[in-house]
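**Student:** Sharing a model that was predicted from the sequence below.
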Amino acid sequence: HVGAPHREAAAEDAAARLALLGTVLLDTADLDPDAGRGTERDRRAVEALLDATKWEEGGTARPDRHALYAEVRDAKLDATFWREELDTIDRLRIDYKMFRATSGVRVGMSSVLIPLRYVTDAGRFGTDAVEYIEESGVNLLVVMAACVDEEGVFQREMMVVGRDEDELLEKLVAFLEGDEEAAQWQFAKKAKKVELAKRWVGTLIQQGHKGGSRKVVAPLILRCFQESCEKSTTPSAP
């Protein structure tokens, strides 16, 4: 006989493991080798979560991996979910990664699946975005949007957020527009800086190439600040 406290603990454990399993499957496209996102470590983690969890004791049937992936994928792609059920901070943290350049510059990158205007036009975007940046301890925040617009066309765009008086923002925008390797991804600054809060500002950038995902852009950003560090620390010739 299994007591109530044990059942409750088992249910909480199963729920936590189910959430973790869904996260891994979403991040790896259900371990699809063609997507190029999953690793052997991810595969072992999925197998461990499925095999080691006491699903029945938690009152939950063992999940079907493919069905779970389809469910969380569809939920993530639901435009209504992004527009109406999330606030600014939730949108920024739901798919967020932090990258640190060899120079010490820290860049946070948030991916959203609705047009940027639905994110940046929110009433408290400026205040909330700056709050999230300060809590995250990064020097820059890059918000990347990938979605199908109202005309059914897939598009990418992003906003780079930094301090108005800091040269990091201008350095990165200039690098994305002028670097030879970055040129293939067709970055183009769209407008003047957008004032947020506490002297933080954002620059909107259109991405002409539809393949410019975070996996493409992050290495470019790291190279930008790595190179700037190397140039600033290389002694001048006598």
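**Tutor:** Good, I have the coordinates. Since we're looking at a predicted model, the values are computed, not measured.

**Student:** Quick one: low-confidence residue ranges for the protein.
**Tutor:** 1-11, 35-37, 57-58, 227-238 (pLDDT under 70).

**Student:** how about the helices of the chain, start to end?
**Tutor:** Residue ranges of the helices in the chain, as given by DSSP state H, are 4-27, 40-52, 65-77, 79-84, 88-93, 116-120, 125-136, 167-178, 214-233.

**Student:** residues touching Gly211, list them.
**Tutor:** Going by C-beta atoms under 8 Å, 6 or more residues apart in numbering, Gly211 touches Trp185. Backbone N, C-alpha and C define where each C-beta goes, glycine included.

**Student:** hang on, I meant Trp200
**Tutor:** Per C-beta under 8 Å, 6+ apart, neighbours of Trp200: Gly126, Ala129, Val130, Ile133, Val161, Gly162, Arg163, Asp164.

**Student:** mind checking how far it is from Gly126?
**Tutor:** 8 Å (C-beta to C-beta, to the nearest Å).

**Student:** which other residues reach stretch 81-91?
**Tutor:** By C-beta under 8 Å, 6+ apart, stretch 81-91 touches 75, 94, 110, 112-114, 118-119, 122, 124-125, 128-129, 131-132.

**Student:** Can I get the buried part of these as one PyMOL selection?
**Tutor:** If you want just the buried ones from the contacts of stretch 81-91 in PyMOL, going by 16 or more other C-beta atoms under 10 Å, the selection is:
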select buried, resi 110+112+113+114+118+119+122+125+128+129+131+132
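
**Student:** Report the two of the contacts of stretch 81-91 separated the most.
**Tutor:** The most widely separated members of these, counting by C-beta to C-beta, are Ala75 and Glu131 (25.8 Å).

**Student:** ok, the contacts of stretch 81-91 vs Lys215, which is closest?
**Tutor:** Using C-beta to C-beta, the contacts of stretch 81-91 come closest to Lys215 at Ser110, 14.3 Å.

**Student:** Spit out the contact partners of the closest one.
**Tutor:** Arg91, Leu92, Arg93, Ile94, Asp95, Tyr96, Leu141, Val142, Val143, Met144.

**Student:** Weed out the non-buried ones from those residues.
**Tutor:** Counted by 16+ other C-beta under 10 Å, these give Arg91, Leu92, Asp95, Tyr96, Leu141, Val142, Val143, Met144 as buried.

**Student:** residue contacts, the third one?
**Tutor:** The contact partners of Asp95, by C-beta under 8 Å, 6+ apart, come to Lys76, Ser110, Ser111, Val112.

**Student:** Now the phi/psi pair for it, please.
**Tutor:** Here is the backbone geometry of Asp95 (degrees, to the nearest 10): phi -140, psi 80.

**Student:** measure it to Ser110 for me?
**Tutor:** Taking C-beta to C-beta, one finds Asp95 at 7 Å from Ser110.

**Student:** Equivalent analysis for the fifth one, please.
**Tutor:** Applying C-beta to C-beta, one obtains 7 Å for the distance of Leu141 from Ser110.

**Student:** and for these two, which residues touch both?
**Tutor:** In contact with both Leu141 and Ser110: Leu92, using C-beta under 8 Å, 6+ apart.

**Student:** got the buried ones among the contacts of Ser110 as a markdown table, with distance to Ala48 columns?
**Tutor:** Below are these laid out as a markdown table (distance: C-beta to C-beta, whole Å):
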| residue | distance to Ala48 |
| --- | --- |
| Arg91 | 31 |
| Leu92 | 30 |
| Asp95 | 23 |
| Tyr96 | 25 |
| Leu141 | 34 |
| Val142 | 33 |
| Val143 | 33 |
| Met144 | 31 |
